[in-house]
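Coordinates for the following, if possible.
(chains A and B)
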Amino acid sequence: DALTLYDRIIREDETNSTARKRKVAVLRGQRRYTDAIKELTEYLQKFMSDGEAWQELVDLYLKEGDYGKAAFCMEELLLSNPHNAIYYTRFAEIKYTQGGLENMETAKTYFGHAMMLNPKNVRALFGLQLSCQQIACSGKATSQKKKEAHRLAEFTAQQIKQRYDRVLGASSSSADLVDSMYVSTMTCTDFCGSRVKVL
Amino acid sequence: AVPLFHQQLALSPMLDVALTQIEQRYSAQGLEIVGYYQANENVKDVVPDFVAKKITEKIAENYDSSCLVMIDNRKVCMELSSSPLIVSQLTQDGKWKNRDNKSVIVDQSSLDTVSDLLRRRVFHEITDFDLHFDDITLDWANTNLNKLMGSYAVA
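Numbers count the residues shown, from 1 in each chain, chains lettered A, B, ... in the order given. Sure, this is the predicted structure:
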């Protein structure tokens, strides 16, 4: 019933953005994610600068597992907000999840940029460490890229250790954590690889 | 049980870091990761999505009887009378099968403890990995909360 009312409001006033967004929210609440995506895409064709709507669309695409389209939406957000470290981190996470050498290198670049914008960002630091490890272990990367990635992976691992040391007090647990990050490389590759197959 | 995220679940880097930290902390105590639980955002939705299945499949590679536990949000209330957990496992032919409710035993004292914690709104104090990554001084192992829950068992 709410949907019928919203449709009527939209027919009477095509510029009513609130009604359209509420309609998307109703569809999401009904778990009609594909319809919500369709409605939101149409909305964004008319109201291209609505950052909140782009964020919602990223969320919906990730729910559907459509990483490619989610990445595209993140790029729109980055264009309009080029100083937002969170957006860079999120975009890098999507690229990392997509997997593959090219995406991993993009992820590494964007995690790095996020770190420059906000050096306190722990997610970006972890992301940078993981993506460098992935590149360092990749069968397809050139040996020079692998060396660079390896050096950066070690550097970021030390940075992570230092931060945890400050919090936990210098103890073996933070050293163990850093070591286990190296061990987890194989797990990462499997996870990303299998995720790409799902797509 | 360790809470992971309340925001985007479908992204792998932070998940990898979280699982690594969990394994690293608890393997010294002889514990391992044996399952995954998820509560969907929609109250009526109890179907595991592709993220839940993928993660539990990954766990199943290291532990055969890994469980995927979905929380039935409709049953979660301040006076729990029955278990709100729906447990499923991967069969040998790669399909997900729900375990019969009778084989999933949650005793009343646990339900009473959870009901009391809900009434006291203790859930506001839970730290998950999302919060931990925003501020690494926050403890994702929720040691204080676990002690609190332990005190219920003694009483």
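
Could you list the domains of chain A?
Domain assignment for chain A by the TED database gives A:1-82, A:88-169.

Tell me the secondary structure at the residue in chain B sticking out farthest from the centre.
Most distant from the centre of chain B: B:Asp93, at 25.2 Å, with distances by Cα atoms, centre = their mean. The three-state label given to B:Asp93 by DSSP: H, G, I helix; E, B strand; the rest coil is coil.

quick one: contacts for it?
Applying Cβ atoms under 8 Å, 6 or more residues apart in numbering or on different chains to B:Asp93 gives no contacts. Heads up, the C-betas are built off the backbone N, CA and C, glycines and all.

Please give the element, helix or strand, for residue 144.
Just so you know, I chose chain A. helix A:143-168 (DSSP states H and E).

think we crossed wires, I meant chain B
Per DSSP H and E: helix B:143-154 holds B:Asn144.

Which helix or strand in chain B has the lowest average pLDDT?
helix B:143-154 (a mean of 83; mean pLDDT, DSSP states H and E).

starting at the chain centroid, how far to whichever helix or strand A:Arg28 is part of?
Element membership for A:Arg28, per DSSP H and E: helix A:17-29. Chain-centre distance of helix A:17-29: 24 Å, with Cα atoms, centre = their mean, to the nearest Å.

Leaving out the residues flanking it, which one is nearest to B:Ser81?
B:Leu111 (7.0 Å; Cβ to Cβ, 6 or more residues apart in numbering or on different chains).

so the residue lying closest to A:Arg163 once chain neighbours are set aside is in which element?
Leaving out its chain neighbours, the residue that sits closest to A:Arg163 by Cβ to Cβ, 6+ apart is B:Ile136, at 6.3 Å. In this assignment (DSSP H and E), B:Ile136 forms part of neither any helix nor any strand.

which intervals of chain A have sub-threshold pLDDT?
Low-confidence segments of chain A (pLDDT under 70): A:170-199.

The most centrally placed residue in chain B: what secondary structure?
Nearest to the mean C-alpha position of chain B, counting by Cα atoms, centre = their mean, stands B:Tyr37 at 3.8 Å. At B:Tyr37 the chain is in strand, as set by three-state DSSP.

A:Ala71 - how many residues pack around it?
Number of residues near A:Ala71 (other Cβ atoms under 10 Å in any protein chain shown) recorded here: 22.

mind listing what it touches?
Residues in contact with A:Ala71 (Cβ under 8 Å, 6+ apart) are A:91, A:94-95, A:98.

in what helix or strand does it lie?
Per DSSP H and E: helix A:67-80 holds A:Ala71.

what's the helix or strand following that helix packed up against?
Using DSSP H and E, the next helix or strand after helix A:67-80 towards the C-terminus is helix A:85-98. Helix A:85-98 makes packing contacts with helix A:67-80, helix A:101-117, helix A:122-137, helix A:185-198, helix B:12-27 when contacts are defined by 3 or more Cβ pairs under 8 Å, 6 or more residues apart in numbering or on different chains; DSSP states H and E.

show me where chain B has strands.
B:35-38, B:67-71, B:85-90, B:96-98 (DSSP state E).

Which elements pack onto the last one?
In terms of contacts (3+ Cβ pairs under 8 Å, 6+ apart), strand B:96-98 is packed against strand B:85-90.

Run through who's touching the strand it packs on.
B:37, B:46, B:48, B:56-57, B:60, B:65-72, B:96-99, B:104, B:106.

Just the buried ones from those residues?
B:37, B:46, B:48, B:56-57, B:60, B:66-70, B:72 (16 or more other Cβ atoms under 10 Å in any protein chain shown).

So which of the residues you listed is the closest to chain A?
Relative to chain A, the closest of the buried ones among the contacts of strand B:85-90 is B:Glu57; by Cβ to the nearest Cβ it sits at 7.9 Å.

In contact with the residue nearest to A:Phe47 when sequence neighbours are not counted: list those residues for me.
Once flanking residues are discounted, A:Phe47 sits nearest to A:Ser17: 5.5 Å by Cβ to Cβ, 6+ apart. By Cβ under 8 Å, 6+ apart, the contact list for A:Ser17 reads A:43, A:47, A:50.

Can you give me the distance of B:Asp49 to A:Gly68?
18 Å (Cβ to Cβ, to the nearest Å).

Who has more neighbours out of these two?
Each of B:Asp49 and A:Gly68 has its neighbours counted (other Cβ under 10 Å); B:Asp49 has more, 16 against 10.

What pLDDT is listed against that one?
Looking at B:Asp49, its pLDDT is 88.

So it is in contact with B:Asn40, correct?
Yes - here B:Asp49 lies in contact with B:Asn40, judged by Cβ atoms under 8 Å, at a distance of 7.4 Å.

what's the neighbour count on A:Leu125?
Applying other Cβ under 10 Å, I find that A:Leu125 has 22 neighbouring residues.
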